[in-house]
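Asks: Here is a sequence together with a model predicted from it:
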Amino acid sequence: MRHIGRHIWKTLLGVVCVGGLCAACTARQEICITGSVRNADGELLVCRHSVGGMFNSQTGDTLELQPDSTFTLTLPGGEYERVEFYLLRKKKMGSLLLKGGNVQVILDGRAEKPMIVEGLEEKTMRVAELLDSLYDDVFDIRVREGDRWGIARDTVAASVRRKLTDYALSLDKEVAGVDKELLDKARQDIRMQLLLAFQNQVLATARRVSEATKQEWLAELDSMTAFCSINHPCSPFSLSFYDAVSYDAGIRYYTKGEPLPEGVEEGVALMFYDITHRLTGKAQEAALAQLFLEDEFQEQYDPKLLPLADEFRLLYPESPWMPWVNRAVGKNRAFNETTVSDDLRFPDVSSAKTLEDVTDLYKGKVIFMDIWATWCGPCREAFAHISPLQEYAAANDVVLLYLSIDRPSDDAKWRKMAAYYGLKGEHVRDQEAFHQEIFDTFGHKGMLSIPHYAIFDKQGKLRYRAAASPEQWDKLKAQLQEAAR
């Protein structure tokens, strides 16, 4: 179960080249979008889009701009697809709903209305704007930044369900007037998004109420789920479809307490089993495909997914998702085939009682400490900037000490990920004996934000409690030189 940010943080790590994936699509009536970008302020233009009417919520495509800041995006058509544009790290530019033909767009990063479109009916554009606005409202309730329907403090499950279903029916009237295909997809997008809002309230409520009240919420969730119909063939058109599928399984097994299927382990195997036994057609295909794409985006690289990829290929050999799935599986396989080289060292610190017991292993040397975890996306992003630090450390006898706060159960993954990213240096994992010391020393009020960097001098004294990051190389280099004096 994951949260998706309004500015689509997923695209920050999931960008790929448009041409390579579109070339593999089946030749049909084409969608051709030509456009220009103004006031991008140096940010990349990113799009996310559906494939075969199924929205890819896990990855985004960078659009290559010509010298005059124009671009062309060609996609297979034939049925309604959804295309969303973003300026990376800046703002959402807008969405298109279209099934073929030529469309022109002007994107302006500083305009109040950042997208101007030519070639689409006004009603179709209005539906796209309505669905975008709904997505923002659902995101706001999930992160408690807004409450469009007055449900955040509503403790009556039936009342919350009624508010959301009434709102769905009111939006049905607003999208009426478009052709049946788009109407069906818009209606299901509305339902998937509002189902996600209700699921979110169930999770927020179930842990802090009586068992009787919890059962009331779960009963109303059953009614809401039936109303929304996850298994509808148009449900995958929604941005929120895969999240709704994930939440549905999580709530059933871990909140309702449904027994696990016999012989099926928790994790991706359970999700794969659940999807194949509860969903059919496009809903099944889209959910399974995005299970692999989520593994890639989250960089989980769960080895249990590899044999499941063969099952997906047997189920959907002609799936338009196949280029994305093959890429995700390839990365998973490459990660799991990684071997740990000799320039990564894993000293035994199981007997260490304090952090000083660890740093004393390197007395007489400056230590650069990187506190990270395998599940930390920003930590993994930062590894792209370590080359200058590695070169400096090798030339100046600086110890690169990577301190992981992963759980013991993730020991194998921790070692493999360190090798996968080429983190030459010393690697230790947080031990119970000095776990609290790490949080007290480098955190604030019991919270520790990672990645976190620190520098110890040659005497083992903590010189920089919060050092510069490898991305700030000039500042970090100066701090390392100061610690060496």
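Replies: Structure received. Note that this is a predicted model, so its numbers are computed, not measured. Numbers count the residues shown, from 1 in each chain.
Asks: Please parse this structure into its domains.
Replies: Per the record, the chain has its domains at 1-119, 344-484, by automatic domain parsing.
Asks: Out of those domains, the one nearest residue 257 is which?
Replies: Comparing those against residue 257 with C-beta to C-beta, the closest turns out to be domain 1-119 (16.4 Å). Quick note: C-beta positions are derived from backbone N, CA and C, even for glycine.
Asks: Tabulate the domains of the chain in TSV, adding columns for mean pLDDT and distance to residue 162.
Replies: Shown next, in TSV, are the domains of the chain (pLDDT from 0 to 100; distance: least, C-beta to C-beta, whole Å):
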stretch	mean pLDDT	distance to residue 162
domain 1-119	80	25
domain 344-484	95	38
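Asks: what would these look like in TSV with mean neighbour count?
Replies: Conversion of those to TSV gives the following (neighbours: other C-beta atoms under 10 Å):
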stretch	mean neighbour count
domain 1-119	17
domain 344-484	17
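Asks: Can I get the ones you listed in a markdown table including distance to residue 286?
Replies: What follows is the domains of the chain, written out as a markdown table (distance: least, C-beta to C-beta, whole Å):
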| stretch | distance to residue 286 |
| --- | --- |
| domain 1-119 | 4 |
| domain 344-484 | 24 |
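Asks: closest to residue 136 out of these?
Replies: Of these, the one closest to residue 136 (C-beta to C-beta) turns out to be domain 1-119, at 5.9 Å.
Asks: how about the helices in the stretch 1-150 of the chain?
Replies: With helices called from DSSP state H, counting those that start in this stretch, the stretch 1-150 of the chain shows them at 10-14, 18-22, 122-142.
Asks: Which positions within the next helix or strand after the longest one qualify as buried?
Replies: Sequence order places helix 157-175 as the next helix or strand after helix 122-142, per DSSP states H and E. The neighbour-count check on helix 157-175 (16 or more other C-beta atoms under 10 Å) flags 157, 160, 161, 163, 164, 165, 167, 168, 171, 175 as buried.
Asks: gap between the first one and residue 254?
Replies: Noted for residue 157: a distance of 18 Å to residue 254, by C-beta to C-beta, to the nearest Å.
Asks: for the fourth one, same thing?
Replies: Distance of residue 163 to residue 254, computed by C-beta to C-beta: 26 Å.
Asks: now the second one
Replies: Counting by C-beta to C-beta, the gap from residue 160 to residue 254 is 21 Å.
Asks: a markdown table please, covering the buried residues of helix 157-175 and showing pLDDT and distance to residue 357.
Replies: A markdown table is the format used below for the buried residues of helix 157-175 (pLDDT from 0 to 100; distance: C-beta to C-beta, whole Å):
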| residue | pLDDT | distance to residue 357 |
| --- | --- | --- |
| 157 | 97 | 52 |
| 160 | 97 | 52 |
| 161 | 98 | 55 |
| 163 | 98 | 57 |
| 164 | 98 | 55 |
| 165 | 98 | 59 |
| 167 | 98 | 58 |
| 168 | 98 | 59 |
| 171 | 98 | 61 |
| 175 | 96 | 64 |
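Asks: Nearest to residue 301 among those?
Replies: Among those, and counting by C-beta to C-beta, the member closest to residue 301 is residue 164, at 36.6 Å.
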